[in-house]
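> give the three-dimensional model of this entry:
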Amino acid sequence: MNKIISSIIVFLLSANTYTIVHTQESSEEIKQTAIVTGEIVHETAEEEISPVKAATRSPVSTLTTSSWWNYPEDIKRVTRSGDDLLALVNKEYQLPSTYAPTDLVSICSHVTNLRCFNNANYLIRRILISDLQEMANAAIQDGIDLSIRSAYRSYATQQSTYNYWLSVNGGNIAATDKISARAGHSQHQLGTAIDFSSVEINDGLGGTFASTQASKWLADNAWKYGFVIGYPAGYESVTGYSYESWHYRYIGKEYAQDMVNGGMILELYLRSKN
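Take a look at the predicted model:
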């Protein structure tokens, strides 16, 4: 009997650890102090939905580390300027702490038909405003509600975000590296990445977004306006991150079309250009 009880306790402890790694909140949002934007950040991990339709190639691991979530020992500086839409920012290539876009503007002061969660002053590069407006208009016409949950993050903001998730995961670096980028390694620092949500899930952010009509619409249409999913399902060993149905990066219509035509995911497309 004692052996059985001990086995049950071990199982419950292991299950609880898994829950911490895959943190999800639907009613109570976790608030992070954003130094520049005052944004609310909530990153979770979920791997149940198929990858974006544009990603037709079989997953191929090109990481040299033993586990897909690890950072390599040799961290390199980005090969393109952060202002370049094709800059490769991942676990191997890092933006300098001093980099910040010079053309940041408030999303909801410039784009209609797109809600900013809690009326937060989310910032994004001016270069994508026109295409974002066109996408927001198209979504509304198709009966799709879209909201913004995160956009530009400074190096310092990303550092505090990563440290927060490290704390949530009890100091477990491996668990944290699966769901949050370290400072300098986040696409959000480029000012061209957006985390979307919808009224369908009360503007929450996490795995539940994948089952929404908004998520399905973005997967089918976002590339037409220059936005592509950053971390698709089934490609964790390539991107180094768990699936994020809500995270899209703008690379421009021409490059997005080229990526889709080549049947590539964003990570591999950018590697081919850097």
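> give me the contacts around the biggest strand by length in the chain.
In the chain, assigned by DSSP state E, the strand with the most residues is strand 244-250. Here strand 244-250 makes contact (C-beta atoms under 8 Å, 6 or more residues apart in numbering) with 43, 45-46, 49, 85, 125, 128, 131-132, 149, 187, 190, 192-197, 205-207, 209-210, 215, 218-219, 222, 226-231, 233, 266. Backbone N, C-alpha and C define where each C-beta goes, glycine included.
> do stretch 106-125 as well
With C-beta under 8 Å, 6+ apart, stretch 106-125 has contacts from 36-40, 101, 103-105, 126, 129, 132-133, 136-137, 139-140, 145-152, 190-192, 194, 197, 199, 203, 250.
> filter those residues down to the buried ones.
The neighbour count (16 or more other C-beta atoms under 10 Å) marks 36-37, 39-40, 101, 104-105, 129, 132-133, 136, 139, 145-152, 190-192, 194, 197, 203, 250 as buried among these.
> ok, Asn221 - how many residues close by?
Neighbour count of Asn221, defined by other C-beta atoms under 10 Å: 15.
> next: the one 4 residues further on.
Tyr225 has 24 neighbours, counted by other C-beta under 10 Å.
> all strands of the stretch 1-150 of the chain, in order?
Ranges of strands in the stretch 1-150 of the chain, per DSSP state E, counting those that start in this stretch, are 76-77, 93-94, 104-106, 115-116, 123-125, 147-150.
> before we move on, what about the stretch 151-274 of the chain?
For the stretch 151-274 of the chain, the strands defined by DSSP E, counting those that start in this stretch cover 193-197, 227-231, 244-250.
> any chance of the ones you listed in TSV, with distance to Ser97 too?
What follows is the strands of the stretch 151-274 of the chain, written out as TSV (distance: least, C-beta to C-beta, whole Å):
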stretch	distance to Ser97
strand 193-197	18
strand 227-231	21
strand 244-250	20
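> centre-most residue in the chain?
Geometric centre of the chain, nearest residue: His247, 3.5 Å, by C-alpha atoms, centre = their mean.
> bridged to that residue, which residues?
Assessed by DSSP bridges, His247 has beta-bridge partners Asp195.
> show me the shaky parts of the stretch 51-200 of the chain.
Low-confidence segments of the stretch 51-200 of the chain (pLDDT under 70): 51-65.
> what are the ranges of the helices in it?
With DSSP state H, counting those that start in this stretch as the criterion, the stretch 51-200 of the chain has helices at 107-110, 129-141, 155-168, 173-179.
> I'd like those as JSON lines, with distance to Met259 appended.
Formatted as JSON lines, these follow (distance: least, C-beta to C-beta, whole Å):
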{"stretch": "helix 107-110", "distance to Met259": "24"}
{"stretch": "helix 129-141", "distance to Met259": "15"}
{"stretch": "helix 155-168", "distance to Met259": "25"}
{"stretch": "helix 173-179", "distance to Met259": "24"}
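> among the ones you listed, which is nearest Arg80?
With C-beta to C-beta as the measure, helix 155-168 is the member of the helices of the stretch 51-200 of the chain nearest Arg80 (17.3 Å).
> returning to what we had before: mind checking which of the strands of the stretch 151-274 of the chain is nearest Leu166?
Here strand 244-250 is closest among the strands of the stretch 151-274 of the chain (C-beta to C-beta), at 18.0 Å.
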